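Chemist: below is the structure, and that's it, no one-letter string:
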């Protein structure tokens, strides 16, 4: 969460290092105490993307559109790295 010296205009819940990736949805999971983030690739480019989270999480998973876990993503503190295919939609789940 933002510190007392951070204004909300400087705070980002999630950001990534590629311009061809759109962070489309951030919401609470339907059936669990976790956060869902849905992203997609827009320029027909295979990309290796680094996401920086503005919150602490215990584990991260790629899941299907129904929010079922597919596989776990390795994380480093608040950062995850992910390979995204051209025009791919990816749903991420973060357990907090």
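Modeler: Okay, I see it. No experiment lies behind these values; they were computed from the predicted model shown.
Chemist: the closest residue to residue 69 other than its chain neighbours: neighbour count?
Modeler: Spatially, and ignoring its direct neighbours in sequence, residue 69 is nearest to residue 61 (4.3 Å; C-beta to C-beta, 6 or more residues apart in numbering). Placement of C-beta: from N, CA and C, glycine included. Neighbour count of residue 61, defined by other C-beta atoms under 10 Å: 17.
Chemist: residue 61 should be in a strand, yeah?
Modeler: Yes. Assigned with DSSP: H, G, I helix; E, B strand; the rest coil, residue 61 falls within a strand.
Chemist: partners of residue 48 in the sheet?
Modeler: residue 83 (DSSP bridges).
Chemist: quick one: it and residue 24, what's the gap?
Modeler: Look at residue 48 and residue 24: by C-beta to C-beta, to the nearest Å, they are 19 Å apart.
Chemist: likewise residue 18?
Modeler: Residue 18 is 14 Å from residue 24, where distance means C-beta to C-beta.
Chemist: done for today, thanks.
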